[in-house]
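> Could you work out the structure for the sequence below:
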Amino acid sequence: MTDEELQKQTEAGVSAQHGDGESYRHVFNALKKEPAFHVSLSFADRVLARIEKKEEQRDFRWLAVGILLLVIALIVVLALTKSFTTGIFSFISGYPGLIIFGIAFVLLLQWVDRKLIRKEKGLV
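This next block holds a predicted model:
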C-alpha cells in the first residue's frame, strides 16, 4: 500500500490493519491538536532585532577586513616603490599626524552616519 492510499484511508476514518496505518492515524491525530505553548507578543520583534544585530556585526567585520587589506596593500606598494622618501608621495612623510587625523575623522563620520542619521530615518 502506498503512502497516499494510507493517508486517504486515515483521513476517511478507515483503520488500517498494519503498523503504518496506525502510525498515520497517530500523526494525523497529533496534527489536529493545537500546540500547548504560546509565544509572547514581542517574540517576533526580538527575533528580528537579533537578526539585524548579526547583520550589523557582519557588516562591521567586512569593513574591518577591507580597511586592513587596504592598509596592507598601501604598505606593500609604498615599500616596493620607496615612495615615502622620493616621488609623488614625499609630502606624506611631512604630515603623518594630518593623515592619521583624516582617516580617523572619516571613520568617525561613517560611525555617526550609521548610528545616528540612518537610524533616525529608518534606513538601517
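> now the helices for the protein?
Assigned helices in the chain, in chain order: 3-12, 19-32, 43-81, 96-112, 118-121 (criterion: DSSP state H).
> a markdown table please, covering the ones you listed and showing mean pLDDT.
Formatted as a markdown table, the entries for the helices of the chain read as follows, by pLDDT from 0 to 100:
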| stretch | mean pLDDT |
| --- | --- |
| helix 3-12 | 74 |
| helix 19-32 | 76 |
| helix 43-81 | 84 |
| helix 96-112 | 89 |
| helix 118-121 | 66 |
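> For S90, find the nearest of these.
When the helices of the chain are ranked by proximity to S90, the top entry is helix 43-81, at 11.1 Å, counting by C-beta to C-beta. For the C-beta atoms, the positions are set from N, CA and C on the backbone; glycine is no exception.
> what angle do that closest one and helix 96-112 make?
With axes from the mean of the first three to the mean of the last three C-alpha atoms, to 10 degrees as the basis, helix 43-81 and helix 96-112 are set at 160 degrees to each other.
> Make CSV out of the helices of the chain and add mean neighbour count and distance to S90.
Output for the helices of the chain, formatted as CSV (neighbours: other C-beta atoms under 10 Å; distance: least, C-beta to C-beta, whole Å):
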stretch, mean neighbour count, distance to S90
helix 3-12, 13, 79
helix 19-32, 12, 77
helix 43-81, 11, 11
helix 96-112, 11, 13
helix 118-121, 10, 39
